[in-house]
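Peer 1: this one's sequence-less:
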Ligand SMILES: Cc1cc2nc3c(=O)[nH]c(=O)nc-3n(C[C@H](O)[C@H](O)[C@H](O)COP(=O)(O)OP(=O)(O)OC[C@H]3O[C@@H](n4cnc5c(N)ncnc54)[C@H](O)[C@@H]3O)c2cc1C
Ligand SMILES: NC(=O)c1ccc[n+]([C@@H]2O[C@H](COP(=O)([O-])OP(=O)(O)OC[C@H]3O[C@@H](n4cnc5c(N)ncnc54)[C@H](O)[C@@H]3O)[C@@H](O)[C@H]2O)c1
């Protein structure tokens, strides 16, 4: 039995749910296919529950600053309210009924199961075939990568999908991978008393960020008692009541839990993209500025390789929906892509790092200032370390990138995102009035250092 519809969306992550809802609201006959939970990784295993964890960890951090600033405070971390909040408020016990209702209220239809492109313009879900008159939208997201380390696959390792639902903080934790996932969990569990060791194969944590940012975060984690091991390779893993991780140096580390946070992948072969003329061996699906991947196929979200963030997925969804509806004039522009890693301090970035700008042969000028040297940093007194780094195109006299590592760095970056997005001339930025004494006022001092 073949059923004709207007659009089939495979994967109802943040972008898939959004695009399917937009198209159904516009009156199209839309089928959304989801094999797990409508809403995707973000609300159930990623952004939202992990930021609830971070909120709790940050509260512990702030309470521990009281003795130096405001008297006495005794902190006894307890995971119970965190687990309860994640179960009841974030995920409704990992139940997507509310999200399904939200989608169905737009007029869309949800089909549960694994979708596969079976022919051009055709999607099969458990033997049920849909022919899409207007097109197919691919939003399959990603799964955690588990590296081929001897013994790892057979062990009861955690990924983010196990760490989020945990009902207790482990006594000890080895975190494999010092990227955003690894470091956010490290920050959280360390504050709850877990003895955490991060194992990163690169010479530094957050290897894609500015080196100055890696330095501040590494020191902040160490101050929270975290063992940071960079440039290390794991040879094999053994589990026998506890994890034994054998490093290539011969050293053996043990812990109650092992979290694998070594990146993400998508099985494009299983998704059947070759049937739509796409390379199923690739790591991502290349799309044009309107999210078109092939004739009658759009792709959005992590799979496009343009920044694995919820805000990217939803941004792309808006553009794809407009294009499918024939109303699309907006072309995707990633120059001012922001990101925030919720450690303490937060690591916020927009646009290009210095090294990426140099690779693009931009005539680069940079300036970096210390948060601790600002008035607000001095007032803050404790845990005031951080930086603002600006990357400018000297020829055009505009910022092309910025990094803020600071308390509330994710909020401070907003001003710099506007500057990069709107290509505000550096000279014009220097003429701004920055409120005193704020953290964002350190932008003014950094601009003054910039020879552009
Ligand atoms: C621990 C963690 C923390 C994060 N924190 C943040 C954060 O703070 N801020 C931020 O912006 N980003 C964060 N991210 C990234 C963010 O979760 C993703 O970028 C976001 O979920 C967008 O992904 P997506 O739309 O591509 O799809 P996903 O959210 O991955 O959803 C894809 C959906 O498609 C379904 N699916 C896949 N294949 C099929 C198929 N063949 N048939 C049917 N259904 C299918 C999956 O079951 C899934 O539900 C975090 C990620 C992790 C892992
Ligand atoms: N706050 C946020 O916005 C947020 C938070 C978490 C994740 N994310 C998104 O999710 C994506 C995935 O994050 P991630 O941290 O899983 O992946 P990642 O690819 O960003 O980082 C993985 C890290 O693991 C290291 N690694 C890989 N194999 C290793 C091995 N065998 N031993 C030791 N180290 C190894 C890599 O060198 C890298 O530093 C990110 O790109 C990010 O966009 C965003």
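Peer 2: Nice, I can see it. Treat the numbers as computed from the prediction; the structure is a model and nothing was measured. Numbers count the residues shown, from 1 in each chain. Ligands and ions are numbered 1, 2, ... in the order given.
Peer 1: distance of residue 192 from residue 80?
Peer 2: The spacing between residue 192 and residue 80, counted by Cβ to Cβ, to the nearest Å, is 11 Å. All C-beta spots, glycine's among them, are computed from the backbone N, C-alpha and C.
Peer 1: how about residue 131?
Peer 2: Taken as Cβ to Cβ, the span from residue 131 to residue 80 is 51 Å.
Peer 1: give the other helices and strands that the lengthiest helix in the chain contacts.
Peer 2: Longest helix in the chain, counting residues (DSSP state H): helix 47-64. Contacts defined by 3 or more Cβ pairs under 8 Å, 6 or more residues apart in numbering; DSSP states H and E place helix 47-64 against helix 80-85, helix 180-191.
Peer 1: which other residues reach the longest one?
Peer 2: Read that as helix 180-191. Helix 180-191 has contacts (Cβ atoms under 8 Å, 6 or more residues apart in numbering) with 50, 53-54, 56-58, 60-61, 77, 160, 163, 169-170, 173, 175-176, 196, 198, 200, 205-206, 217, 221, 224-226, 259, 261, 339, 341-344.
Peer 1: any idea of the mean pLDDT for stretch 16-36?
Peer 2: Across stretch 16-36, pLDDT averages out at 98.
Peer 1: helix or strand right after the longest helix of the chain?
Peer 2: helix 66-69 (DSSP states H and E).
Peer 1: so stretch 88-100, near ligand 1 or not?
Peer 2: No - Stretch 88-100 lies apart from ligand 1 when judged by Cβ under 6 Å from any ligand atom; the minimum separation is 9.0 Å.
Peer 1: end to end, how far does that stretch reach?
Peer 2: 17 Å (Cα to Cα, to the nearest Å).
Peer 1: which residues does that stretch contact?
Peer 2: 12, 17, 34, 37-39, 43-44, 48-49, 52, 87, 110, 165.
Peer 1: returning to what we had before: residue 131 and residue 80: who's more crowded?
Peer 2: Between residue 131 and residue 80, residue 131 has the larger neighbour count (other Cβ atoms under 10 Å), namely 14 against 9.
Peer 1: the helices in the stretch 101-250 of the chain, which residues?
Peer 2: 160-163, 180-191, 211-223 (DSSP state H, counting those that start in this stretch).
Peer 1: would you mind finding the most buried of those?
Peer 2: Most buried of the helices of the stretch 101-250 of the chain, by mean neighbour count (mean count of other Cβ atoms under 10 Å): helix 180-191, with a mean of 25.
Peer 1: and this protein, which residues reach ligand 2?
Peer 2: 147, 176-182, 184, 199-202, 207, 234, 261-264, 308-309, 339-342.
Peer 1: restrict these to those near ligand 1?
Peer 2: Answer for these near ligand 1 (Cβ under 6 Å from any ligand atom): 181, 308-309.
Peer 1: if we ignore the residues flanking it in sequence, what's nearest the closest residue to ligand 1 within the chain?
Peer 2: Closest contact between the chain and ligand 1, by Cβ to the nearest ligand atom, is at residue 141 (1.8 Å). Leaving aside its sequence neighbours, residue 141 sits nearest to residue 13 (Cβ to Cβ, 6 or more residues apart in numbering; 4.5 Å).
Peer 1: so what's the one you found up against?
Peer 2: 39-42, 139-141, 301-302, 313.
Peer 1: do residue 55 as well
Peer 2: Contacts of residue 55 by Cβ under 8 Å, 6+ apart: none found.
Peer 1: cool, and residue 303?
Peer 2: Per Cβ under 8 Å, 6+ apart, neighbours of residue 303: 138-142, 266, 268, 284-285.
Peer 1: any chance of JSON lines for the residues you listed, columns distance to residue 323?
Peer 2: JSON lines is the format used below for the contacts of residue 303 (distance: Cβ to Cβ, whole Å):
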{"residue": "138", "distance to residue 323": "14"}
{"residue": "139", "distance to residue 323": "15"}
{"residue": "140", "distance to residue 323": "19"}
{"residue": "141", "distance to residue 323": "21"}
{"residue": "142", "distance to residue 323": "23"}
{"residue": "266", "distance to residue 323": "22"}
{"residue": "268", "distance to residue 323": "22"}
{"residue": "284", "distance to residue 323": "19"}
{"residue": "285", "distance to residue 323": "16"}
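Peer 1: give me the phi and psi for the residue lying closest to residue 68 once chain neighbours are set aside.
Peer 2: For residue 68, ignoring the flanking residues on the chain, the nearest one in space by Cβ to Cβ, 6+ apart is residue 382 at 5.5 Å. Note on residue 382: backbone dihedrals following degrees, to the nearest 10 are phi -110, psi 140.
Peer 1: pretty sure residue 382 is touching residue 67, no?
Peer 2: No - Residue 382 lies out of contact with residue 67 (Cβ atoms under 8 Å); the separation is 9.7 Å.
Peer 1: what helix or strand does residue 416 sit in?
Peer 2: helix 409-421.
Peer 1: packing partners for that helix?
Peer 2: Using 3+ Cβ pairs under 8 Å, 6+ apart, helix 409-421 is in contact with strand 338-341, strand 346-351, strand 398-406, helix 442-449.
Peer 1: redo that, cut-off 10 Å
Peer 2: For helix 409-421, the elements it packs on are strand 338-341, strand 346-351, strand 387-393, strand 398-406, helix 426-430, helix 442-449, judged by 3 or more Cβ pairs under 10 Å, 6 or more residues apart in numbering; DSSP states H and E.
Peer 1: give the rounded mean pLDDT of it.
Peer 2: Helix 409-421 comes out at a mean pLDDT of 98.
Peer 1: that helix and ligand 1 in contact?
Peer 2: No - Helix 409-421 does not reach ligand 1 (Cβ under 6 Å from any ligand atom); its nearest approach is 9.3 Å.
Peer 1: how far off centre is that helix?
Peer 2: On the basis of Cα atoms, centre = their mean, to the nearest Å, helix 409-421 sits 17 Å off its chain's mean C-alpha point.
Peer 1: buried residues in it, which are they?
Peer 2: 409-410, 412-413, 415-417, 419-421 (16 or more other Cβ atoms under 10 Å).
Peer 1: likewise stretch 234-247?
Peer 2: Across stretch 234-247, burial judged by 16+ other Cβ under 10 Å covers 234, 237-238, 243-246.
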